[in-house]
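> Pasting a predicted model and its sequence here:
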Amino acid sequence: MMDALSGASECEKYHLEKGKTYDYLPSSPAHAALANMEKFSAVKHAFDFLEFSESENDTILKILAAILLCGQVHFKQMDDKVDIQNMEVMEKS
């Protein structure tokens, strides 16, 4: 997803950062980007085949982006409670 969105300059639309490594995504070598983009294109074609509307496609991508952002939330123990270390991630979602 990230390689395809970066290639299509759509990262900002989903509050994702171009070139950032997300904890919920495995690291992949640079040469895998093209294959990832092709796989993402195949998924989008499947959405078209299933007659998903543009709004439905967008909703699915928003959900996937939210999952990626949730993986970036880091917590810290504060005595008997837990706080979020990086609230800026929460403000994006």
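Sure thing, it's come through.

> so what's the residue most central in space within the chain up against?
Nearest to the mean C-alpha position of the chain, by Cα atoms, centre = their mean, lies residue 65 at 3.3 Å. Residue 65 is in contact with 1, 14-16, counting by Cβ atoms under 8 Å, 6 or more residues apart in numbering. In this view, the C-beta of every residue, glycine as well, is placed from N, C-alpha and C.

> If we use 6 Å, what do you get?
Going by Cβ atoms under 6 Å, 6 or more residues apart in numbering, residue 65 touches 14, 16.

> what element comes up after the helix or strand hosting it heading to the C-terminus?
Residue 65 belongs to helix 54-70 when assigned by DSSP states H and E. Per DSSP H and E, the first helix or strand lying C-terminal to helix 54-70 is strand 75-78.

> and the following helix or strand past that following strand, which strands flank it?
As assigned by DSSP H and E, the chain's next helix or strand after strand 75-78 is strand 81-84. As defined by DSSP bridges, the strand partners of strand 81-84 come to strand 75-78 (antiparallel).

> How confident was the prediction at the residue nearest to residue 4 when sequence neighbours are not counted?
The shortest distance from residue 4 to any residue other than its chain neighbours is 3.5 Å, reached at residue 40 (Cβ to Cβ, 6 or more residues apart in numbering). pLDDT for residue 40: 88.

> How about the secondary structure of residue 40?
helix (DSSP: H, G, I helix; E, B strand; the rest coil).

> and it, how many residues sit next to it?
By other Cβ atoms under 10 Å, 18 other residues sit near residue 40.

> pLDDT-wise, which helix or strand of the protein ranks last?
helix 2-8 (a mean of 69; mean pLDDT, DSSP states H and E).

> one step back: list the buried residues for the helix holding residue 65?
61, 64-65, 68-69 (16 or more other Cβ atoms under 10 Å).
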